[in-house]
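Asker: this one's sequence-less:
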DNA sequence: GAAGTGTATTATTTGATATAATACACTTGA
DNA sequence: TCAAGTGTATTATATCAAATAATACACTTC
């Protein structure tokens, strides 16, 4: 587990997942939660690679996925910027939320849980002592 | 997408995931839902490999995980059997349900959803027209 | 003892992941 | 103008997980 600060952003890298996926998911989260502003510049490929001590190609991989998500736009010679479209970001969140929820429901149903049981279980876990 | 019947069991194999993981998750589901009875014999490594047209070693991999889950017991010269312990199976379901739910909550929170929003979203999706 | 079990070993292939080194195209600003 | 900083592309290499292949061994049942 390795933690690095890049500008005002905090990144945590380990070896449990592919590096580019870790960058991708953390960047998605930062943008989705508005911790990076709309239109704001994100760290350059080279800076990110240098700070995280990984290869620029690996960062590139993550950044290309971000653009496919519609979350960023690249400007040659300038850098990579979060999209100005709040709508784009909202759509991304809706898309991913739907994916996550469907996967969760499928997993639980494969264990034999019925829809009402799933809701009850989630509620119990959410409201339980200790939270989460 | 390839579908095979092995005895009374139905298996579906594709190339979206590692083969042993597909066997593992489908077998887990069959046992968890009681579609294979407690104490019942499951297909032999060789039979499964032959029917699914894959390598016995790959089936072995999945079966070893099943045993680590506490869902099966192996008897040399006889075969692999679902555990007789209903408690074991219940514990496995509780363990996995907790994992799935925690992962789901983490994913949603990373998108900026608050706990009450997550519950509301799940409920909306579950009770919506079309189901699932 | 033959047939069917799980198990172990060794070798090989394939694809995803990551690194490395380099070069090119574009933009900005001194 | 040109240096510095951007994204991009290419080629080569290394590593590891996943899967296959071929065999052999130990055990159980009939």
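Answerer: Great, that's in hand. As the structure is a computational prediction, the values presented were derived from the model and not from experiment.
Asker: how does chain A divide into domains?
Answerer: With automatic domain parsing as the criterion, the domains of chain A are listed as A:2-82, A:86-127.
Asker: Dump these into TSV; add mean pLDDT as well.
Answerer: Listed next are the domains of chain A as TSV, based on pLDDT from 0 to 100:
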stretch	mean pLDDT
domain A:2-82	95
domain A:86-127	96
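Asker: closest to DNA strand C out of these?
Answerer: Smallest distance to DNA strand C across those (CB to the nearest atom of the strand): 2.2 Å, for domain A:2-82. To be clear about C-beta, it is placed using only N, CA and C from the backbone, and glycine gets the same treatment.
Asker: Within range of chain B, give me the residues from chain A.
Answerer: Within chain A, the positions lying close to chain B (CB under 8 Å from any CB of the partner chain) are A:25, A:28-29, A:32-34, A:93, A:96-98, A:100-105, A:107-108, A:110-113, A:115, A:118-119, A:121-123, A:125-126, A:132.
Asker: can you pull out the strands in chain A?
Answerer: Along chain A, counting by DSSP state E, strands occupy A:2-6, A:9-13, A:41-42, A:72-75, A:79-82.
Asker: Residues in contact with the third one: which ones?
Answerer: Under the criterion CB atoms under 8 Å, 6 or more residues apart in numbering or on different chains, residues A:27, A:36, A:72, A:78-82 lie in contact with strand A:41-42.
Asker: again, 7 Å this time
Answerer: A:36, A:72, A:79-82 (CB atoms under 7 Å, 6 or more residues apart in numbering or on different chains).
Asker: Over to the second one?
Answerer: Applying CB under 7 Å, 6+ apart, the external contacts of strand A:9-13 come out as A:1-4, A:19, A:22, A:26, A:30, A:52.
Asker: do the first one as well
Answerer: By CB under 7 Å, 6+ apart, the list of residues contacting strand A:2-6 from outside reads A:10-14, A:43, A:47-48, A:51-52.
Asker: Out of these, the closest to residue B:87 would be?
Answerer: Nearest to residue B:87 among the contacts of strand A:2-6 is residue A:14, at 34.8 Å by CB to CB.
Asker: Next to DNA strand D in this structure, residues from chain A, please.
Answerer: Counting by CB under 7 Å from any atom of the strand, chain A comes close to DNA strand D at A:44-47, A:56-57, A:60, A:63-64, A:74-80.
Asker: do you know how far the residue nearest to residue A:27 when sequence neighbours are not counted is from residue B:96?
Answerer: Excluding the flanking residues, the one nearest residue A:27 by CB to CB, 6 or more residues apart in numbering or on different chains is residue A:66, at 5.9 Å. Note on residue A:66: its distance to residue B:96, by CB to CB, to the nearest Å, is 32 Å.
Asker: which of the two has more neighbours?
Answerer: Applying other CB atoms under 10 Å in any protein chain shown to residue A:66 and residue B:96 shows that residue A:66 carries more neighbours, namely 22 against 18.
Asker: Just grab the bridge partners of residue A:3 for me.
Answerer: Beta-bridge pairing of residue A:3, defined through DSSP bridges, involves residue A:12.
Asker: Do a quick rundown of the helices in chain A.
Answerer: A:19-32, A:45-52, A:56-68, A:86-110, A:115-127 (DSSP state H).
Asker: Show me the one of the ones you listed that comes nearest residue B:87.
Answerer: Using CB to CB as the criterion, the shortest distance between residue B:87 and these is 19.2 Å, found for helix A:115-127.
Asker: so what secondary structure elements neighbour that closest one?
Answerer: When contacts are defined as 3 or more CB pairs under 7 Å, 6 or more residues apart in numbering or on different chains; DSSP states H and E, helix A:115-127 sits against helix B:86-110, helix B:115-127.
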